[in-house]
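Engineer: quick one: sequence plus predicted model below, questions after.
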Amino acid sequence: MLSSLQPPRTLSRFPSKPIYLFRKTSLKPLSSQPITNSTLTDQSQSQTHSQILSIRHSLLCGQLTATQLVESFLTRLRQTEPHLRSFLHVSDTVLRQANELDEKIKRNEEVGPLAGVLVGVKDNICTAGMPSTGGSRILEGYQPPFDATAVRKIKELGGIVVGKTNLDEFGMGSTTEGSAFQVTANPWDVSRVPGGSSGGSAAAVSARQCVVSLGSDTGGSVRQPASFCGVVGLKPTYGRVSRFGLMAYASSLDVIGCFGSSVEDAGILLQAISGHDKLDATSSKQEVPDFTSQFISLNLLESKPLKGLRIGLIRETLDDGVDSGVNSAIRGAASHLEELGCSVSEVSLPSFSLGLPAYYILASSESSSNLSRYDGVRYGNQVTADELNALYGDSRAKGFGHEVKMRILMGTYALSAGYYDAYYKRAQQVRTIIQKSFKAALDEHDILISPAAPSAAYKIGEKKNDPLAMYAGDIMTVNVNLAGLPALVLPCGFVDGGSAGLPVGLQMIGAPFDEEKLLKVGHVFEQTLQNCRFVPPIITDDVAS
Amino acid sequence: MASTVFRSLQSFPFCLHPTTLFRRKNGIFYCTIKGKHSQTATQEKQTSNVKVSSHPAIKTLDKILKDYEAIIGIETHVQLSTLTKAFCNCPYNYGSPPNTSVCPVCMGLPGALPVLNSKVIDSAIKVGLALNCKLSLNSKFDRKQYFYPDLPKGYQISQFDIPIATGGFIDLDLPVEFGGGHRRFGITRVHMEEDAGKLLHSDSGSYSQVDLNRAGVPLLEIVSEPDMRNGIEAAEYAAELQRLVRYLGVGNGNMQEGSLRCDVNISIRPIGQSQFGTKVEIKNLNSFSSVSRAIDFEISRQVQLHSQGQGDQIVQETRLWEEGAQKTVTMRKKEGLADYRYFPEPDLPGVILTDEYVKDIHNSLPELPEIKRRRYEKMGLSMQDVLFLANDINVAKYFDATIAKGADVKLAANWIMGDIAAYMKNEKLTIDEIKLTPQELAELIASIKAGTISGKIGKEILFELLAKGGTVKGIIEEKDLVQIIDPAEIEKMVDKVLLDNPKQLEQYRGGKTKLQGYFAGQVMKASKGKANPGLLNKILLEKLNAKSS
């Protein structure tokens, strides 16, 4: 069922020594930190650095004003956006906010840790006074009166919301083709999908239209696009980040996640948005550790920095149906981890294949309920009707797209009297089995690894009329949501495709609330992955033609 | 926050959104559905028959009714008077202007999440315990899904398969005027849920508006066993629930405001038949008497149909009680069971109670109406008195406080039920608002009993205390009202009155003994009402009769 249309991967070599990956595009000369106006577009340093820390450094040292910084991002956004279409809305107050920040810096006032950091926010996350449509016609023009908790926290720390990123309608999809408004392109090859549903957020970070971005992950919607777009995607433990203000798709699976161009950025962003929220009863009171303290810079690393760490490679994720290029990239990543001192062994999760059907039943069931509020009565688009049922029916028929309707119907069916036990209840039982099998595997291992998706980014339209093929692509990620675990996806190699190859993401799965370990390992992995820059051609090449 | 929610429509608090003004042609809303269900002449006649007892037809109906029994169960929704709504921080005050007590959560805005108000659990536990139920230490919330404009989320947060309390009972005493008697009715379950908003229909019927102030207000749904057999029992069941809710302080139980709403399920069957008849639901019962009258009407209607061989015309439906016409009419016929597609509410964690927590609440419960009534009964009060005193927790508290100060039980009851109740009624005051304290009432009763003041003076003092407060002793001293119990002093006054009224004295001695009252009045007047009436009469009689002999 999985795509095997692409030719054998020749580019996904993961040579044993030294760790080396190459891109077709020529790298520009290295420049040193701190970041400058010119280096912002020129991400060709040898190591992956935190953009957030560079920005902070540059702003506080006076090497760059916030206005200059913001303008350089906006310029790139303007240049690339016609080809990518990652934003549904771009804020018109960004420059004003940058200006205010400059004033603040001039007055020597304290600025927050995210000062000047441009953040893209997935459009299913509410932002006060800014459109928040969830990618749906039914909410076209809707502006929430409040900020999602995650957004509020980012703003409080000085972050600037640059705009709202495209997505599959209400997060339902894996390509971002399911947006009611536009199709987003993959910065690595604009004929390909960026993944989804957080495709806009992934593409925007990949193309450096913003520094970091928020996505949401119900069944892989942060991790799969991160893999497709060659950026870092972090799905926190369920409950780590408040869902208040996230338009619910499947409440028991939804989490807000982070995109960054480096592990450190994703960690800093997670730090900003984590923690209990009295507005979300499912948010955890678990203490939030300092994720950033885990990061050790490359020159301080020992020869075997991850010595003693037990890594489990999930056998079922490298079965048939997984692209051979992806397979070898992941095996290469495993060897890399071994070289860093980890002990890597294969681990079997026998219930793995059950995850997909269980996920689609549970997610559809919850979504059929969560989307009931879009009835056209209080907000959003409403169709004029003669009577109440027609008002509901027509507003929803016109407001929702195909995929959403299909899931509402599936979910309504699964919850109906007489079917509940066979579908919803059974899927919940499967969920418990999956949770147990993950727990057992994580008792034996510190981290489990797998691909983030069975293939690299595919062509726009390729799976549009084959929902089952699209659903099958979620096999690597849905189990993690069912178990509520944290997972980090970071680029680990390339497969052939596009002008510069297509990135492949490695998924690292941790124990509940152990994002700290994931970030630490991910950071070491990223720092030691040599000559492998995940900067898409759209900002280095002249592909904008 | 709420004020910015409805885009630019804050200036029209009554008109949420143009979208709320949906037009409709056919009767979606119950208020427009006039009973198409044909009301036969016999049914009309029945109604009047019920009232006119002298009518010969009533006798036949009465006779027929004797061959049937009615099976009645009640679903009651009790609004909890928590400071804030069940799942958000909005306050709820009955009668606020439309859509002024709303927020993203209770309006069901995208991204808003419910967070449970723990006071709702406390109230549910209290009611569950008071109804002698078994509590579920591990319960949860579920979503009940249906579309209606007053239900912002498209589902109601409720409890489905694991209600917080199950399997209890309630004890009550029927009023003496209805024959009295003790009853115990089973309670099937108690569960927590949220209220919906309200639809306001335009006069023209061309549009409706939504007021979401009530949306999200916590409710307890209390489902009874089908243990009631007539309107009085049902009405008393509802009244006892109201009493319980007020005793527990969890709600105001006001039926007119909709804080206590009863939906009645009723079926009839010939006596001796074990199979139940077809169940009919009655809504729109806004008072205890409408509960009672609606049920009695419905029993007559069903029995009439059944006895005439038209039992198949009793169909499963929801009927509306029309207060004006004093009859029930069809609201909607049920086409099979609605599928609410219940499933566990994923936005709320499970409700887990510990034994200690429940025990603490149990220990904090006040004395409940049934226990109070049994205690009063043991004190020797009549059932009439018991029911009166225990009816209102504040009256009961007042009474208890009065006797705690040593007042005579029967006298205290009489004062409270008599002059004090009358005063409260006239002045439209509650017992908490009168100025007379239980302490002073006890003092007053003691002063009369001890003879310090007369009953008559006592009454005067009472009204003074009710209106202005103060102490019995203070008023007695201030107005010099101490009763004269010195026989010599009274004798002096009697002598003076007799001396001053020679004519009347002559008439009395001539046989017009009725004049005794006149003399007594004169003496009392002379004593400024302070003479002990017993002594006065005794001395007066002695004097009147002594001189005649």
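Structural biologist: Received, thanks.
Engineer: residue 242: how many residues sit nearby?
Structural biologist: Picking chain A for this. For A:Ser242, the neighbour count with other CB atoms under 10 Å in any protein chain shown is 26. Every C-beta, even on glycine, is put in place using the N, C-alpha and C of the backbone.
Engineer: wait, chain B was what I had in mind.
Structural biologist: 22.
Engineer: assumed B:Ile362 was part of a helix.
Structural biologist: One thing to correct before we go on: residue B:362 is His, not Ile. Yes - checked against DSSP: H, G, I helix; E, B strand; the rest coil, B:His362 lies within a helix.
Engineer: leaving out chain neighbours, which residue sits closest to it?
Structural biologist: B:Leu129 (5.5 Å; CB to CB, 6 or more residues apart in numbering or on different chains).
Engineer: what sits against the one you found?
Structural biologist: Contact partners of B:Leu129, counting by CB atoms under 8 Å, 6 or more residues apart in numbering or on different chains, are B:135, B:165, B:358, B:361-362, B:365.
Engineer: what about it, which helix or strand?
Structural biologist: In the assignment (DSSP states H and E), B:Leu129 maps to helix B:118-130.
Engineer: about what we covered before: list buried residues within the contacts of B:Leu129.
Structural biologist: Burial by neighbour count, 16 or more other CB atoms under 10 Å in any protein chain shown: within the contacts of B:Leu129 this picks out B:135, B:165, B:361.
Engineer: show me the contacts for the closest residue to chain B within chain A.
Structural biologist: Relative to chain B, the nearest point of chain A is A:Ser372 (2.4 Å; CB to the nearest CB). Taking CB under 8 Å, 6+ apart, we find A:Ser372 in contact with B:145, B:147, B:153-155.
Engineer: 6 Å instead?
Structural biologist: Going by CB atoms under 6 Å, 6 or more residues apart in numbering or on different chains, A:Ser372 touches B:154-155.
Engineer: neighbours of residue 256, how many?
Structural biologist: By default, I'm working from chain A. A:Ile256: 30 neighbours (other CB under 10 Å).
Engineer: should've been chain B
Structural biologist: For B:Gln256, the neighbour count with other CB under 10 Å is 9.
Engineer: do the one 3 residues further on as well
Structural biologist: By the criterion of other CB under 10 Å, B:Ser259 has 21 neighbours.
Engineer: need the contact list for it.
Structural biologist: Applying CB under 6 Å, 6+ apart, we find B:Ser259 in contact with B:79, B:251-253.
Engineer: ramachandran coordinates for it?
Structural biologist: With angles defined as degrees, to the nearest 10, B:Ser259 sits at phi -80, psi -20.
Engineer: got a pLDDT number for it?
Structural biologist: Listed pLDDT for B:Ser259 reads 96.
Engineer: next: B:Ser527.
Structural biologist: 85.
Engineer: residues touching it, list them.
Structural biologist: By CB under 6 Å, 6+ apart, the residues touching B:Ser527 are B:484, B:493.
Engineer: how near is it to chain A?
Structural biologist: B:Ser527 is 72 Å from chain A, where distance means CB to the nearest CB, to the nearest Å.
Engineer: what's the neighbour count on B:Gln308?
Structural biologist: Neighbour tally, B:Gln308, other CB under 10 Å: 11.
Engineer: same check on B:Gln275?
Structural biologist: 6.
Engineer: kindly report the same for A:Lys398.
Structural biologist: 13.
Engineer: so what's the closest residue to it other than its chain neighbours up against?
Structural biologist: Leaving out its chain neighbours, the residue that sits closest to A:Lys398 by CB to CB, 6+ apart is A:Val383, at 5.7 Å. Contact partners of A:Val383, counting by CB under 6 Å, 6+ apart, are A:394-395, A:398.
Engineer: doesn't A:Val383 belong to a strand?
Structural biologist: No - A:Val383: not assigned to a strand; according to three-state DSSP it is coil.
Engineer: next, give phi and psi for residue 416.
Structural biologist: No chain in the question, so chain A it is. With angles defined as degrees, to the nearest 10, A:Ser416 sits at phi -70, psi 150.
Engineer: meant chain B actually
Structural biologist: Dihedral angles (degrees, to the nearest 10) for B:Ile416: phi -70, psi -40.
Engineer: spell out which parts of the stretch 351-500 of chain A neighbour chain B.
Structural biologist: Contacts of the stretch 351-500 of chain A with chain B, taken as CB under 6 Å from any CB of the partner chain, map to A:366, A:369, A:372-373, A:377-378, A:382, A:386-388, A:391-392, A:415-417.
Engineer: helices along the stretch 1-150 of chain B, start to end?
Structural biologist: All helices of the stretch 1-150 of chain B, identified by DSSP state H, counting those that start in this stretch, fall at B:41-51, B:56-65, B:118-130.
Engineer: and the ones you listed, which one's lowest on average pLDDT?
Structural biologist: Here the lowest mean pLDDT among the helices of the stretch 1-150 of chain B goes to helix B:41-51, at a mean of 34.
Engineer: buried set for the helix ranked longest in chain B?
Structural biologist: Identified as the longest helix of chain B according to DSSP state H is helix B:288-307. Across helix B:288-307, burial judged by 16+ other CB under 10 Å covers B:288, B:290-307.
Engineer: could you do stretch A:530-538 as well?
Structural biologist: Buried-residue list, stretch A:530-538, by 16+ other CB under 10 Å: A:532-538.
Engineer: dihedrals phi and psi, A:Asp375?
Structural biologist: Per degrees, to the nearest 10, the backbone of A:Asp375 is at phi -110, psi 0.
Engineer: need phi/psi at the residue lying closest to it once chain neighbours are set aside.
Structural biologist: Ranked by CB to CB, 6+ apart and with sequence neighbours excluded, the top spatial neighbour of A:Asp375 is A:Tyr392, at 5.5 Å. Per-residue torsions, A:Tyr392: phi -60, psi -50 (degrees, to the nearest 10).
Engineer: quick check, nearest of the contacts of B:Ser259 to chain A?
Structural biologist: So of these, ranked by how close each gets to chain A (CB to the nearest CB), first place is B:Gln79, at 22.4 Å.
Engineer: the closest one and B:Leu244: what is the separation?
Structural biologist: To B:Leu244, B:Gln79 is 14 Å away according to CB to CB, to the nearest Å.
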